[in-house]
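**Student:** Need coordinates for the following:
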Amino acid sequence: MRIALVTDAWHPQINGVVRTWSTVQDELTRLGHEVTPITPDGFRSLPCPGEPEIRLALATAAQVGRRLARARPEAIHIATEGPLGQAARRYCRRHRLDFTTSYHTHFPQYLEMRMGVPRRLTFSVMRRFHAAAKRVLVTTDTLAGELAAHGITHTVLWPRGVDARGFAPRDDAVVIDGPKPVMIYVGRVAVEKNIGDFLDLDVPGTKVVVGDGPQLAELQRRYPEVVFAGWQTGEDLARWYAAGDVFVFASRTDTYGLVLLEALASGLPVAAYPVPGPADVLGHAPQVACLHDDLATAVRGALALSPEDARTFALDYSWTACAERFVDQVERLAPAVWDRAASSLAARISAPITRFISR
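**Tutor:** Down below sits the predicted model:
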């Protein structure tokens, strides 16, 4: 298939959404599909206020449309609700092109936490954005239920995968200068990740935070005893995972938590709150995760679990299966779609000419 992927989240950003789509693109290509990514690096852009590593594309619907027309995709997937996603949506609506979307990020919760924007207002924007899609890809049944409560009902399940070759127990793990056990968090360092709950824990051992974000400087000042590793990628990130004894995930707002699978593949049992995301992915697997309303209790419980069981659990998830499921959900018949779009455009052009001649 020819697939167009429109996403505001792309390199050089480092987060779960970017890792998901870059890996899925690689898997789709390996499976023989032709993927055209439409990303901010193809347009003029501005830095996102407060997070300059995130670029906001200054793209018009016509600019996005020209790229789509050249690719003539058999499936169009709009992965994000940002400026590029909005432009692609406008073009597809205008030209009657079917498309799918996905819901990755709880913007209603994040905007409320960061800026005080009421959730109902942001959910109204989300509802309008996704309403025109043929289907909305979501990671868990719980998320599907939450979106349904806000009027987004045409969802389908699309779980994630993990690179179990890249993330694995290893002999060259980073050496942590501190007492055992090593408790580690990997991800964006932002208020919505609730990292303070982890760093406030009164438990013995060494706490490690791997990642960057708008809250990093504040947390470094408040917790000088914590090891802050900054952004890590590839082999370096895998070595940091392998240095841990337990993975601590304090977020209450994540829709999935790709890092949970990466930690398990690295042999780290997980400690987390019993909330959507961790509960969906790991609530049925007490042998690899301890979910508890008291995070310290969760950490102690997770430390008693087997690293080998954690690794075995992660091996059941693959990016190949994730990519194949994606294709199943977005499949379309291109000729009919693009012929219909061309007919629509021709009709709009010819109508005023016909009216003029008939006079």
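**Student:** Could I get the phi/psi values of Lys180?
**Tutor:** phi -80, psi 160 (degrees, to the nearest 10).
**Student:** burial count for the nearest residue to it once chain neighbours are set aside?
**Tutor:** In space, and not counting its chain neighbours, Lys180 is closest to Gly205: 6.0 Å by CB to CB, 6 or more residues apart in numbering. Backbone N, C-alpha and C define where each C-beta goes, glycine included. Neighbourhood size, Gly205 [other CB atoms under 10 Å]: 17.
**Student:** what residues are up against Gly205?
**Tutor:** For Gly205, the contacting residues are Gly178, Pro179, Lys180, Pro181, Val182, Met183, Asp245, by CB atoms under 8 Å, 6 or more residues apart in numbering.
**Student:** how far does stretch 283-292 sit from the chain's center?
**Tutor:** 22 Å (CA atoms, centre = their mean, to the nearest Å).
**Student:** Ignore what I typed, I meant stretch 262-273.
**Tutor:** 18 Å.
**Student:** ends of that stretch, how far apart?
**Tutor:** 18 Å (CA to CA, to the nearest Å).
**Student:** buried sites along it?
**Tutor:** Glu262, Ala263, Leu264, Ala265, Ser266, Gly267, Leu268, Pro269, Val270, Ala271, Ala272, Tyr273 (16 or more other CB atoms under 10 Å).
**Student:** possible to save the residues you listed as CSV with pLDDT and distance to Ile38?
**Tutor:** What follows is the buried residues of stretch 262-273, written out as CSV (pLDDT from 0 to 100; distance: CB to CB, whole Å):
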residue, pLDDT, distance to Ile38
Glu262, 96, 27
Ala263, 98, 32
Leu264, 98, 33
Ala265, 97, 30
Ser266, 98, 33
Gly267, 98, 38
Leu268, 98, 36
Pro269, 98, 39
Val270, 98, 35
Ala271, 98, 39
Ala272, 98, 35
Tyr273, 98, 36
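**Student:** Let me see the ranges of the strands in this protein.
**Tutor:** With strands called from DSSP state E, the chain shows them at 2-6, 34-38, 45-48, 51-57, 75-78, 100-102, 136-138, 155-157, 182-186, 206-210, 227-230, 246-249, 270-272, 289-291.
**Student:** Can you lay out those as JSON lines showing distance to Trp240?
**Tutor:** Putting these into JSON lines (distance: least, CB to CB, whole Å) gives the following:
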{"stretch": "strand 2-6", "distance to Trp240": "29"}
{"stretch": "strand 34-38", "distance to Trp240": "28"}
{"stretch": "strand 45-48", "distance to Trp240": "26"}
{"stretch": "strand 51-57", "distance to Trp240": "19"}
{"stretch": "strand 75-78", "distance to Trp240": "32"}
{"stretch": "strand 100-102", "distance to Trp240": "28"}
{"stretch": "strand 136-138", "distance to Trp240": "29"}
{"stretch": "strand 155-157", "distance to Trp240": "31"}
{"stretch": "strand 182-186", "distance to Trp240": "7"}
{"stretch": "strand 206-210", "distance to Trp240": "5"}
{"stretch": "strand 227-230", "distance to Trp240": "6"}
{"stretch": "strand 246-249", "distance to Trp240": "11"}
{"stretch": "strand 270-272", "distance to Trp240": "16"}
{"stretch": "strand 289-291", "distance to Trp240": "20"}
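**Student:** Could you tell me the least trusted of those?
**Tutor:** Here these differ in mean pLDDT, and the lowest is strand 51-57 at a mean of 83.
**Student:** got the contact list for Val210?
**Tutor:** Counting by CB under 8 Å, 6+ apart, Val210 has contacts Ile184, Tyr185, Val186, Gly187, Ala229, Gly230, Trp231, Gln232, Leu237, Trp240.
**Student:** ditto for Arg252
**Tutor:** Asn194, Tyr273, Val275.
**Student:** Pro37 - nearest residue in space that isn't next to it in sequence?
**Tutor:** Spatial nearest neighbour of Pro37, chain neighbours left out: Leu5 (4.9 Å); criterion: CB to CB, 6+ apart.
**Student:** wait, what's in contact with the one you found?
**Tutor:** Trp21, Gln25, Val35, Thr36, Pro37, Ile38, His77, Ala79.
**Student:** One more pass at 7 Å, please.
**Tutor:** Trp21, Gln25, Val35, Pro37, Ile38, His77, Ala79 (CB atoms under 7 Å, 6 or more residues apart in numbering).
**Student:** same check, this time on Asp254
**Tutor:** Per CB under 7 Å, 6+ apart, neighbours of Asp254: Gly277.
**Student:** Against Ala285, how distant is it?
**Tutor:** The gap separating Asp254 from Ala285 is 17 Å, by CB to CB, to the nearest Å.
**Student:** Please point out which parts of stretch 311-320 sit buried.
**Tutor:** Arg311, Phe313, Ala314, Tyr317, Trp319.
**Student:** Return the residues in contact with Val136.
**Tutor:** Val136 sits in contact with Thr101, Ser102, Tyr103, His130, Ile152, His154, Thr155, where contact means CB under 7 Å, 6+ apart.
**Student:** Show me just the buried residues among the residues you listed.
**Tutor:** Members of the contacts of Val136 classed as buried by 16+ other CB under 10 Å are Thr101, Ser102, Tyr103, His130, Ile152, Thr155.
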